[in-house]
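Asks: Structure, please.
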Amino acid sequence: MAKFEPCSSMFVTTGHLDRLVTLWYTNDKDKSFSQYEFIFLPHPRHVTHFVWRRMQHKSRYMRSE
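Replies: Numbers count the residues shown, from 1 in each chain. Below is the predicted model:
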């Protein structure tokens, strides 16, 4: 399962009945060649779906424009 964040260059992936979500992100300004990095987000139960939410504060993973 994969879901793209509509306002940035992030997306998340997870497998069927997985408890680990992978967040992929890039800070590259050059859109012709983006190199992605990732972090693992553990979850206490099997992930069945996910929803992007607006953040109250700016994260280090958010692109500054």
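
Asks: can we go C-alpha only for contacts and neighbour counts from here?
Replies: Will do.

Asks: So for Asp28, what's the nearest residue that isn't a sequence neighbour?
Replies: Once flanking residues are discounted, Asp28 sits nearest to Ser34: 5.8 Å by Cα to Cα, 6 or more residues apart in numbering.

Asks: and Asp18, how many neighbours does it have?
Replies: Neighbour count of Asp18, defined by other Cα atoms under 10 Å: 14.

Asks: helix or strand for it, which one?
Replies: For Asp18, there is no helix or strand it lies in under DSSP states H and E.

Asks: For the lowest-mean-pLDDT helix or strand in the chain, which helices and strands make contact with it?
Replies: The weakest-scoring helix or strand in the chain, judged by mean pLDDT, DSSP states H and E, is strand 2-4 (a mean of 79). In this structure, strand 2-4 packs against strand 11-13, with contacts taken as 3 or more Cα pairs under 8 Å, 6 or more residues apart in numbering; DSSP states H and E.

Asks: strand partners of the strand it packs on, parallel vs antiparallel please.
Replies: Sheet pairing for strand 11-13, assigned by DSSP bridges, gives strand 2-4 (antiparallel), strand 20-25 (antiparallel).
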